[in-house]
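In: Here is a sequence with its predicted model. Questions after.
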Amino acid sequence: MDEQSRLKVAMQKSGRLTDFSTDLLVRCGLKFSRGKDQLVAFGENMPLDLLFVRDDDIPDLVEEDVCDLGLVGLNVVAEKSLELAAKGHPTRFEIVRALEFGRCRLSIAVPENFSYDGVRSLAGKRIATTYPYLLGKFLTDNGIDAEIVTLSGAVEIAPRLGRADAICDLVSTGSTLLANRLREVEKVLESHAVLIRTPVALPASKGEWVERLLMRIDGVQQVRESKYIMLHAPRSALPAIRKLLPGSESPTIIPLEGHPDRVAVHAVCRENVFWETLESLKAAGASALLVLPVEKMLA
Ligand code: ATP
Ligand code: ZN
């Protein structure tokens, strides 16, 4: 297969998204080899190559059609889109999937001793951030006039250094804020990783692989919480049991040899199955309950 027909996927070289991105692609069936510090890894069983780059470069690479797909935080994508719009360029990449990892939020935080009483308290203040466009939009949407101090990093220490009165930064657990004696007061954006693709029409063979990959991603994301439940029950208890099976489609009912009034029920539940559910199923007459993880699913 020639170079042109291999899909190029940009992902973070080393950071919070790296392991999750790799894990997702491996679950989609990709086998690849990556040497230390190699910037490219070649898929061994799919016509797909990975480019390891800084997360901030991913939208540009996809936008400029150097890569066909990219795995990156919505925060980076949203900031880039606003920046492009401000410069009069429409966004050219497309978000094709929301992914389940990289959850965080872009929030405004103030020092502990800042007397905060709603967004109005930010008027006239200096807010440090690496996300000037998202912060700018938030302030405009809320009718607040404040000074945006654009930094390239270490935003959380800006108030202590006297460079800002508040910050706007990514938060997941809040432990960094706590360590810097900052308090989260406003949420600007709820973020998670996304898959973006080039808007350019792809040659058929590449396009087909994109579709296949999307289908596999859906399969991987669907099964994460899914469980396969097996149980035995009296036929008479079936209506009650069906009501109790969480998020399941029509279960398979199998007769039990030598027990005309009892059946085995097998069902895929698209939600996690908790002990409480098993206890309710048992109370409804079920026995021999078994819950198994689902590895792959293709609807
Ligand atoms: P790079 O060297 O690739 O530019 P970075 O320092 O910008 O790395 P990371 O800190 O690895 O990036 O974060 C990558 C992405 O992980 C973020 O853009 C965001 O989407 C997500 N993320 C999830 N939780 C957090 C968090 N608590 N802080 C920062 N980013 C987070
Ligand atoms: Zn970055």
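Out: Looks like it arrived, so ask away. Owing to the predicted nature of the structure, the values given are computational and were not obtained by experimental measurement. Ligands and ions are numbered 1, 2, ... in the order given.
In: C-terminal to the longest helix belonging to the chain, what's the next element?
Out: Among the segments of the chain that qualify as a helix by DSSP state H, the longest is helix 204-223. Following helix 204-223 in sequence order, the next helix or strand is strand 227-234 (DSSP states H and E).
In: Just list what that following strand packs against, helices and strands only.
Out: strand 259-269, strand 287-293 (3 or more Cβ pairs under 8 Å, 6 or more residues apart in numbering; DSSP states H and E). In short, each C-beta sits where N, CA and C put it, glycine included.
In: Export those strands as TSV, with columns for mean pLDDT and mean neighbour count.
Out: Below are the helices and strands packed on strand 227-234 laid out as TSV (pLDDT from 0 to 100; neighbours: other Cβ atoms under 10 Å):
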stretch	mean pLDDT	mean neighbour count
strand 259-269	94	16
strand 287-293	95	13
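In: Out of those strands, which is closest to Thr22?
Out: Across the helices and strands packed on strand 227-234, Thr22 has its closest neighbour in strand 287-293 (20.6 Å, Cβ to Cβ).
In: closest to ligand 2 out of the helices and strands packed on strand 227-234?
Out: Comparing these against ligand 2 with Cβ to the ion, the closest turns out to be strand 287-293 (33.8 Å).
In: Pull the distance from that closest one to the chain's centre.
Out: 30 Å (Cα atoms, centre = their mean, to the nearest Å).
In: What residues does the closest residue to Gly102 other than its chain neighbours make contact with?
Out: Excluding its sequence neighbours, the residue lying closest to Gly102 (Cβ to Cβ, 6 or more residues apart in numbering) is Ala193, at 3.6 Å. By Cβ atoms under 8 Å, 6 or more residues apart in numbering, the residues touching Ala193 are 17, 20-21, 71-74, 99-102.
In: Ignoring the adjacent residues along the chain, who's closest to Asp55?
Out: Nearest one to Asp55, counting by Cβ to Cβ, 6+ apart, is Gln12 at 4.5 Å.
In: count of neighbours near the spatially closest residue to Gly207 that is not a sequence neighbour?
Out: Taking Cβ to Cβ, 6+ apart, and ignoring the residues beside it in sequence, Gly207 has Ala201 as its nearest neighbour in space, at 7.7 Å. The burial count assigned to Ala201 is 8, neighbours taken as other Cβ atoms under 10 Å.
In: Centroid-wise, who is the farthest residue in this structure?
Out: The centre of the chain is farthest from one residue, Gly258, which by Cα atoms, centre = their mean lies 48.9 Å away.
In: If I look at that one, what pLDDT would I see?
Out: Gly258 is assigned a predicted lDDT (pLDDT) of 94.
In: Would you mind measuring from it to Ala264?
Out: 13 Å (Cβ to Cβ, to the nearest Å).
In: Quick one: name whatever helix or strand follows the helix or strand bottoming out on mean pLDDT in the chain.
Out: One helix or strand of the chain scores below all others by mean pLDDT, DSSP states H and E: strand 32-33, with a mean of 89. Sequence-wise, the next helix or strand downstream of strand 32-33 (DSSP H and E) is strand 40-43.
In: Relative to that following strand, what are the paired strands and their orientations?
Out: Strand 40-43 has its sheet partners listed here by DSSP bridges as strand 32-33 (antiparallel), strand 48-53 (antiparallel).
In: now the longest one against helix 204-223, angle please.
Out: Okay, so that is strand 48-53. Between strand 48-53 and helix 204-223, the angle comes out at 70 degrees (axes from the mean of the first three to the mean of the last three Cα atoms, to 10 degrees).
In: In PDB, list the C-alpha atoms belonging to the very next helix or strand once past strand 48-53.
Out: Next helix or strand after strand 48-53 toward the C-terminus (DSSP H and E): helix 58-63. The C-alpha trace of helix 58-63 is given here as PDB (Å, rounded to 0.1, in the frame of the first residue of the first chain):
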ATOM      1  CA  ILE A  58      -3.000  18.800  16.600                       C
ATOM      2  CA  PRO A  59      -5.800  21.100  15.300                       C
ATOM      3  CA  ASP A  60      -3.300  22.800  12.900                       C
ATOM      4  CA  LEU A  61      -2.000  19.400  11.600                       C
ATOM      5  CA  VAL A  62      -5.600  18.300  10.900                       C
ATOM      6  CA  GLU A  63      -6.700  21.700   9.600                       C
END
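In: close to ligand 2, is the next helix or strand after helix 58-63?
Out: Counting by DSSP H and E, the next helix or strand C-terminal to helix 58-63 is strand 69-73. No: using Cβ under 5 Å from the ion, strand 69-73 never reaches ligand 2; the gap is at least 8.6 Å.
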